[in-house]
Structures are given as C-alpha cells and as structure tokens.
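[1] quick one: sequence and predicted model below, then my questions.
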Amino acid sequence: MKNSIIIISAVALVLLSAFSAVSGKYITKGAHINFFSHTSVEDIKADNYKAVSTIDSESGVVIFSIPMQSFEFEKALMQKHYNSKKFLDTQTYPKAKYKGKITNLSAIHFDQDGTYEATISGEMTIKGITKPSDQKGTITVKGGEVHVTAKTNITLADFGIGFEKGKPAKNIAKTIAVTVDAKYKK
Amino acid sequence: MSKKKIIIVAVIVILGGVGFFLSQWFMPHRDVQNSAIDIRITAENLVAEYLKDATKANAKYLQAEGESKILAVTGTITGMEEDMKHQKVVYLASATEAKVSCTFTEKTNKDVENLKVGDKVSVKGVIRSGATYDEDLEMYEDVIMEKCAVLHE
C-alpha cells in the first residue's frame, strides 16, 4: 500500500512537471496598440489598451486579437466615424487579428535576459479581409517577463477601407502608422 | 425680397453652418457613468449568451458607431490587475474560463481599492467586445467592458 502511494505520487509529479514544461506560452490581456495618421490637414491618433496577445516561445507563434471598439480618439465624432459601417464596421467585425510566426526563433532566448530583434511572418485580418503581413519587433526578456515593441504601417485600402471623396479623403492618411507595446507573463 | 432680407438670411445660414460645424468638431464623448443602464445581467449569463451565439450577441450589445450598450454586470471577482494606462481591471467569473473584464478609469480607479478576490460586485460600464474561444490564442477571450465604476445600489 505504502509503495503504491509512493509510485502514484511519483507518476503525478512527473506528469505535472511534463505539463508545465510544455506550456511555453506568454500571455497578455492588456497590449497597447496606437495608430497615427498624418496629413497636412490634421493628425489623428487613437489608443487601445485591451488587445489580447500570446507568444509561444517553443513554436514561435505570435497572436494578437484586438477589440476594435476599444480604440479611443480625442474627438468623439471621429471615433463614431471610425466605428461606423462605412469605415471599420466594428459591430460586424468587432475584432482584428494578427497571426504570425517568428522566423528567427533560434536567435531569441526567452530564458535569458536580453534584447532581441525578431522577424515575424504572418497575416493580418481587419474587417474580415486577410492579407499577408511580415513584421519586425523588439523582444526584451527580463526576469521572466517578455516585453514586445513593434512599429508597422497599414495601408487602409488593403482592407477595403477607402476614402474616395469628401473630408475623410483629405483628413485621413492612406497609410497609417501602428505601434505595439505589450508586456507578457507566463 | 429686399437686399436687407437676403443679407439677414445669408448671415443666419452661415451662423447656423458654423454652429453645426463647431458642435460636430467639439462633440463631447459619451459620459458612460452619467448615462442610463441599458441592460442588467450577471457575468455568467453574459458570457453564456456570447458563447452560445456571438453574432446574435454582437447585434444585441454592440452599436454601429461604437456607442455600445451600457451594462450593469454582477459577478464574483476572480482576479484584479492594472493595465498599461494605469487603469484598474477587475475580472468577474462565469461558468467557463471566459470572464468579464472590467476596466476602470483614472477617475473610478479608487472604486476597487477595497475590493478583493471572492467579493460579489455590480459593475457599470460600456461593452467593447464579447467572449469567445479563440483557436489561435488557444484560450477563451473575455467580455471586455471599459469606463467602469462599481455600482452601489
């Protein structure tokens, strides 16, 4: 009886450690996404602090899920336009997604403090339209925490967001700058 | 019409136009906490509605211009943290791993000071997106609420 208890405990311990070793996943539910549009008429920026993201240090898979209605603009009217059917249609498409894979995974040591440049190959889905999207980001590992910063440009027309005529065509840049700032924990 | 009348009409039209432009330009953001509650629901039922039929729930809770439903959600606190904007975040439990994530504001952060995991609370805020199991993330995504404050009723 005593022996069987010891064996069961040993098996349980091995199983537990096996499972914890398998999960190399870093998670955040509060990534900060900013976008910035510059034209000669005006600068527009919006911030979102509610993006969910995971990085799998074993497979190199990087995922971002962005709640589109969480973008906040300085001007209320602009926020309404951004959300509306004509532009991002956030009621029908409440989330945007980025799915990618780190292509230089061997150069990034998640178990070692340091700053690493990552290249990511993937795809972006906005308003139901998916486009290939390769990115570069900086990964800083410090005391078990992973901090990612990245900058990219998004061409609105790629995702069927067009401003052919009127005021938005003059006020909103064709390509907007997007910055990402995310702090992950295991 | 006399010249004078034409000028008066023109001035009124111009002033009206300028006034309309200014009211649009300076339109204030909706004050969630000073707006009426649209729907009262438990965290458990809200998550369940989304997991059952997200399309239907989005049509019910999200509004096309981003001014989505103002909810009073009741539930038990399973976790608390602070986001990158230094806003307090309180997670309310459901029957699944998906939670209701409630983000407070600079003004309402103090509401959570005396709260702890296990407390039952009612939180008023605006819904931003719903709960779902995401196969890419390999985890449940929470219902996201922002501009939150604790309801004392």
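    Happy to help now that I have it. Residues are numbered from 1 along each chain as shown, chains lettered A, B, ... in the order given.

[2] buried ones in stretch A:75-86?
    Within stretch A:75-86, the residues scored as buried using 16 or more other Cβ atoms under 10 Å in any protein chain shown are A:75-76, A:78-83. Yep, even glycine has a C-beta here, placed from its N, CA and C like the rest.

[3] show residues contacting it.
    A:44, A:46, A:68-69, A:71-73, A:87-92, A:168, B:24-25, B:27-30, B:64-67 (Cβ atoms under 8 Å, 6 or more residues apart in numbering or on different chains).

[4] stretch A:55-64: end-to-end distance?
    By Cα to Cα, to the nearest Å, the extent of stretch A:55-64 from end to end equals 9 Å.

[5] and it, how far out from the chain middle?
    In terms of Cα atoms, centre = their mean, to the nearest Å, the centre of stretch A:55-64 is found 11 Å from the chain centre.

[6] with pLDDT added, can I get the buried residues of stretch A:75-86 in JSON lines?
    Listed next are these as JSON lines, based on pLDDT from 0 to 100:
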{"residue": "A:Lys75", "pLDDT": "91"}
{"residue": "A:Ala76", "pLDDT": "93"}
{"residue": "A:Met78", "pLDDT": "90"}
{"residue": "A:Gln79", "pLDDT": "95"}
{"residue": "A:Lys80", "pLDDT": "94"}
{"residue": "A:His81", "pLDDT": "91"}
{"residue": "A:Tyr82", "pLDDT": "93"}
{"residue": "A:Asn83", "pLDDT": "96"}
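
[7] secondary structure added to those residues, as JSON lines?
    What follows is the buried residues of stretch A:75-86, written out as JSON lines (DSSP: H, G, I helix; E, B strand; the rest coil):
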{"residue": "A:Lys75", "secondary structure": "coil"}
{"residue": "A:Ala76", "secondary structure": "helix"}
{"residue": "A:Met78", "secondary structure": "helix"}
{"residue": "A:Gln79", "secondary structure": "helix"}
{"residue": "A:Lys80", "secondary structure": "helix"}
{"residue": "A:His81", "secondary structure": "helix"}
{"residue": "A:Tyr82", "secondary structure": "helix"}
{"residue": "A:Asn83", "secondary structure": "helix"}
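
[8] widest-spaced pair of those?
    Spanning the widest gap among the buried residues of stretch A:75-86 are A:Lys75 and A:Asn83, at 12.8 Å by Cβ to Cβ.

[9] near chain A, anything from whatever helix or strand B:Val89 lives in?
    Using DSSP states H and E, B:Val89 maps to strand B:88-92. Yes. Strand B:88-92 is in contact with chain A by Cβ under 8 Å from any Cβ of the partner chain, via B:Val89.

[10] may I have that strand as CSV, with CA atoms only?
    Taking Å, rounded to 0.1, in the frame of the first residue of the first chain, the C-alpha atoms of strand B:88-92 are listed here in CSV:
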residue,chain,number,x,y,z
LYS,B,88,-7.6,49.0,-12.7
VAL,B,89,-9.0,45.9,-14.2
VAL,B,90,-11.4,43.6,-12.3
TYR,B,91,-12.3,40.1,-13.7
LEU,B,92,-15.7,38.6,-13.0
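
[11] list the buried residues of it.
    B:88-92.

[12] what are the boundaries of the helices in chain A?
    A:2-22, A:76-83, A:166-171 (DSSP state H).

[13] show me what contacts residue 141?
    Since no chain was named, I'll use chain A. A:109-116, A:147.

[14] not quite, I wanted chain B
    A:52, A:65, B:98, B:129, B:131-134.

[15] which members of these occur in strands, if any?
    Mapping those onto strands (DSSP state E) picks out A:52, A:65, B:129, B:132-134.

[16] how many neighbours does residue 47 have?
    Going with chain A. Neighbourhood size, A:Asp47 [other Cβ atoms under 10 Å in any protein chain shown]: 17.

[17] my question was about chain B, not that one.
    Residues lying near B:Val47 (other Cβ under 10 Å) number 29.
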